[in-house]
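*Asks:* For reference, the sequence and a predicted model appear below.
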Amino acid sequence: MKYTNQYIINAMESTGLIPVFNHQDISIAKEVLDASYKAGVRVFEFTDRDEKALAVFTELHKYASKYDDLTLGIGTIFTKTQAMQFLDAGADFIVSPALIPEIADFCNEKKIVWIPGCATITEVYTAHQLGAQLIKAFPGNVLGPDFIKAIKTVLPQLKIMPTGGVKPSLENLKLWFDAGVSCVGIGSQLFNKDDVKNGKFYKLTDDIKEALQHVQKIKTNNP
């Protein structure tokens with residue numbers, strides 16, 4: 001761990017957008033990481049969605065060490081064993097699609113940021129009681145900005161990050177930030193598959209930079 005938990009949360013809030021990405025090819029993962037960093041990304045989430053994820057993440061974490069101010073975490077974690085493996089591989093934070101008590105206990109013990117996926121007020125409140133500093137509203141496309149507004153009405157102090165279905169357009173991002181999110185996680189909507197496949201990483205940089213500019217414009221108008 002090279003960053004404090006508060007540093008990581010602050011970095012997520014200040015950039016406002018966390019890319020969510022997975023690929024079995026380490027060379028492509030490195031290119032996408034570089035493209036994201038060049039665009040202004042300072043927090044990046046790789047996901048554990050295939051059998052090669054741990055090996056790719058381990059190598060990617062070593063590669064990412066050249067960036068002093070980049071935070072690299074792991075997502076799609078369902079078990080304590082997975083959390084242990086990726087923490088050993090250098091993960092700066094742990095993200096889950098669900099609220100999983102054994103992961104909460106493990107991450108609290110290790111004093112590492114954990115971001116649980118929640119889809120009801122009960123789950124959100126439970127996550128808060130278990131010490132989550134940031135809560136993932138998932139799946140975002142099902143819950144929508146109105147869910148965020150409802151949560152913030154009764155628990156205004158909570159920091160929330162929707163993931164799943166969030167689009168990098170100014171219009172869509174504005175809906176989420178107007179609802180009260182602290183940041184957003186964006187996966188497939190941010191990384192054009194054809195651009196990745198054809199090695200057009202410069203275009204990924206342009207697209208991500210534009211999305212980050214949208215976020216900063218919204219945040220400036222909504223202090």
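*Replies:* Everything's here; your move.
*Asks:* okay, CA-based contacts and neighbour counts for the rest of this
*Replies:* Noted.
*Asks:* For the top helix by length along the chain, buried residues please.
*Replies:* In the chain, with assignment by DSSP state H, the single longest helix is helix 201-221. Neighbour-count burial for helix 201-221, with 16 or more other Cα atoms under 10 Å as criterion, is recorded at 201-202, 204-205, 207-216, 218-219.
*Asks:* what does that helix contact?
*Replies:* With contacts defined as Cα atoms under 8 Å, 6 or more residues apart in numbering, helix 201-221 is touched by 15-17, 31-32, 35-36, 38-41, 168-170, 173-174, 177, 190-192, 195-196.
*Asks:* Could you measure from the residue lying farthest from the centre of the chain over to residue 41?
*Replies:* Centroid-distance maximum for the chain: residue 198 at 25.0 Å, with Cα atoms, centre = their mean. Going from residue 198 to residue 41 by Cα to Cα, to the nearest Å gives 22 Å.
*Asks:* separation between residue 213 and residue 19?
*Replies:* Note on residue 213: its distance to residue 19, by Cα to Cα, is 14 Å.
*Asks:* in stretch 84-95, what counts as buried?
*Replies:* Residues of stretch 84-95 classed as buried by neighbour count (16+ other Cα under 10 Å): 84, 86-87, 89-95.
*Asks:* In TSV: those residues, plus secondary structure and distance to residue 131.
*Replies:* Below are those laid out as TSV (DSSP: H, G, I helix; E, B strand; the rest coil; distance: Cα to Cα, whole Å):
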residue	secondary structure	distance to residue 131
84	helix	19
86	helix	21
87	helix	19
89	coil	24
90	coil	22
91	coil	19
92	coil	17
93	strand	14
94	strand	14
95	strand	14
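*Asks:* how about those residues, which pair is most distant?
*Replies:* Maximum pairwise distance among the buried residues of stretch 84-95 (Cα to Cα): 14.9 Å, between 89 and 95.
*Asks:* just for this structure, where's the confidence low?
*Replies:* Applying pLDDT under 70 to the chain flags the ranges 1, 223.
*Asks:* mind listing the strands for it?
*Replies:* 17-21, 43-47, 71-75, 93-95, 113-115, 117-118, 135-137, 160-162, 184-186 (DSSP state E).
*Asks:* Tell me which of these sits nearest to residue 63.
*Replies:* Closest of the strands of the chain to residue 63 is strand 71-75, at 10.7 Å (criterion: Cα to Cα).
*Asks:* Tell me the helices and strands packed up against the closest one.
*Replies:* If you count contacts as 3 or more Cα pairs under 8 Å, 6 or more residues apart in numbering; DSSP states H and E, strand 71-75 packs onto strand 43-47, strand 93-95.
*Asks:* Next, format those as TSV and append distance to residue 4.
*Replies:* Below are the helices and strands packed on strand 71-75 laid out as TSV (distance: least, Cα to Cα, whole Å):
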stretch	distance to residue 4
strand 43-47	13
strand 93-95	10
